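# kindly return the folded structure for what I paste below:
(one chain, ligands or ions: 2)
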Amino acid sequence: VASVYKRGINYVQIPTTLLSQVDSAIGGKTAVDLDLGKNLVGAFYQPRLVFSEVNFLKSLDMTQLRCGMAEVIKYAVIKDRKLFNFLENKYQQILQKNPVALEKIIYACSRIKAEIVSQDEKEVSGLRSILNFGHTIGHAIEAASGYKGYNHGQAVSLGMLVAVDLSKKLELIDLNSALRIQNLIKLYGLPTRIKGVSVARIIRAHYHDKKFSGKENKFVLTSGIGKPRIVRNIKLDLIKAAFCESI
Ligand SMILES: NC(=O)c1ccc[n+]([C@@H]2O[C@H](COP(=O)([O-])OP(=O)(O)OC[C@H]3O[C@@H](n4cnc5c(N)ncnc54)[C@H](O)[C@@H]3O)[C@@H](O)[C@H]2O)c1
Ligand SMILES: [Zn+2]
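Ligands and ions are numbered 1, 2, ... in the order given. Next up is the predicted model:
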């Protein structure tokens, strides 16, 4: 609304979920969903300020906290080995909502997102698209389950597992790094198996994704922790196999 009211007024974001503090409040992507799909009406519109207060998270339920952790794991995998180690070592403190641990995570992710977005605000150079690790498939899972079965963070965690499996199948990533990513997703109690949605439905939803252009598909994969890789035109059979074998 701020982006169109009086042709644009200033706005401030005060995110209160872990997911929004580490990800969606930063970057200026604003949108609302339509019946036809997610985020269909919106604008790139930067806030003047993002104010993240860790104490808000005290009342957040554990499912929502874990969903936020899916985006945190995404940041660690695409850009930050130190954060990845921290997530492995300090999972008890993090899941107990230790404010010092959470603040460290929020700061690390905000810094990465701000850095990426300031270099590629409108997703033209391709840099911003690395933020979509786990999301191409995650969005398809959300859509295929009618936005009811899985919330965003849960769908992204399943998407990351498929992306890791595709990275393994394409021999981009070593088995040990792949295993560490898979284990971290499990450690935070995120879903690792899909229920109630068929692979065919997810693939169909994938091909309807707004980011899918023409006949080419595009996935953000990984060649190791901190090393994202964009891969185009993956064969459908391989995508199907990754789905069936990884989640
Ligand atoms: N624009 C982007 O770049 C971007 C990035 C990631 C995700 N998203 C989108 O963000 C949405 C998810 O955002 P969200 O996780 O903030 O969801 P949300 O706003 O739906 O909040 C989740 C739930 O937590 C409750 N809640 C919020 N703060 C609370 C608090 N402090 N204590 C107790 N309960 C609290 C809410 O009432 C709600 O029930 C998804 O639709 C996702 O697609 C956008
Ligand atoms: Zn997301």
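# hey, where'd the strands end up in the chain?
When secondary structure is read from DSSP state E, the chain shows strands at 12-13, 29-34, 37-44, 49-50, 218-222, 228-232.
# go through the ones you listed and pick out the most buried.
Among the strands of the chain, strand 218-222 has the highest mean neighbour count (mean count of other Cβ atoms under 10 Å), at a mean of 23. In this view, the C-beta of every residue, glycine as well, is placed from N, C-alpha and C.
# as CSV, the strands of the chain with distance to ligand 1 and mean pLDDT would be great.
Converted to CSV, the strands of the chain look like this (distance: least, Cβ to the nearest ligand atom, whole Å; pLDDT from 0 to 100):
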stretch, distance to ligand 1, mean pLDDT
strand 12-13, 10, 96
strand 29-34, 4, 90
strand 37-44, 6, 89
strand 49-50, 12, 96
strand 218-222, 14, 95
strand 228-232, 17, 95
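# so which of the ones you listed comes closest to Asn183?
With respect to Asn183, and counting by Cβ to Cβ, the nearest of these is strand 218-222 at 14.6 Å.
# name the helices or strands packed onto the closest one?
Secondary-structure packing of strand 218-222 (3 or more Cβ pairs under 8 Å, 6 or more residues apart in numbering; DSSP states H and E): helix 62-79, helix 135-144, helix 152-169, strand 228-232.
# one more pass at 10 Å, please.
Helices and strands touching strand 218-222, by 3 or more Cβ pairs under 10 Å, 6 or more residues apart in numbering; DSSP states H and E, are helix 62-79, helix 135-144, helix 152-169, helix 175-187, strand 228-232.
# gap between stretch 122-132 and the chain center?
Computed by Cα atoms, centre = their mean, to the nearest Å, the separation of stretch 122-132 from the middle of its chain amounts to 13 Å.
# buried ones in it, by neighbour count?
Neighbour-count burial for stretch 122-132 flags Glu123, Arg128, Ser129, Ile130, Leu131, Asn132 (criterion: 16 or more other Cβ atoms under 10 Å).
# of the helices and strands packed on strand 218-222, which shows the lowest average pLDDT?
Taking each of the helices and strands packed on strand 218-222 in turn, the one with the lowest mean pLDDT is helix 135-144, at a mean of 91.
# next, the angle from it to helix 62-79.
Orientation note: helix 135-144 sits at an angle of 150 degrees relative to helix 62-79 (axes from the mean of the first three to the mean of the last three Cα atoms, to 10 degrees).
# ok so, going back, and the buried residues of stretch 122-132 as a markdown table, adding pLDDT and distance to ligand 1?
Below are those laid out as a markdown table (pLDDT from 0 to 100; distance: Cβ to the nearest ligand atom, whole Å):
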| residue | pLDDT | distance to ligand 1 |
| --- | --- | --- |
| Glu123 | 84 | 11 |
| Arg128 | 90 | 10 |
| Ser129 | 91 | 12 |
| Ile130 | 94 | 13 |
| Leu131 | 95 | 8 |
| Asn132 | 94 | 10 |
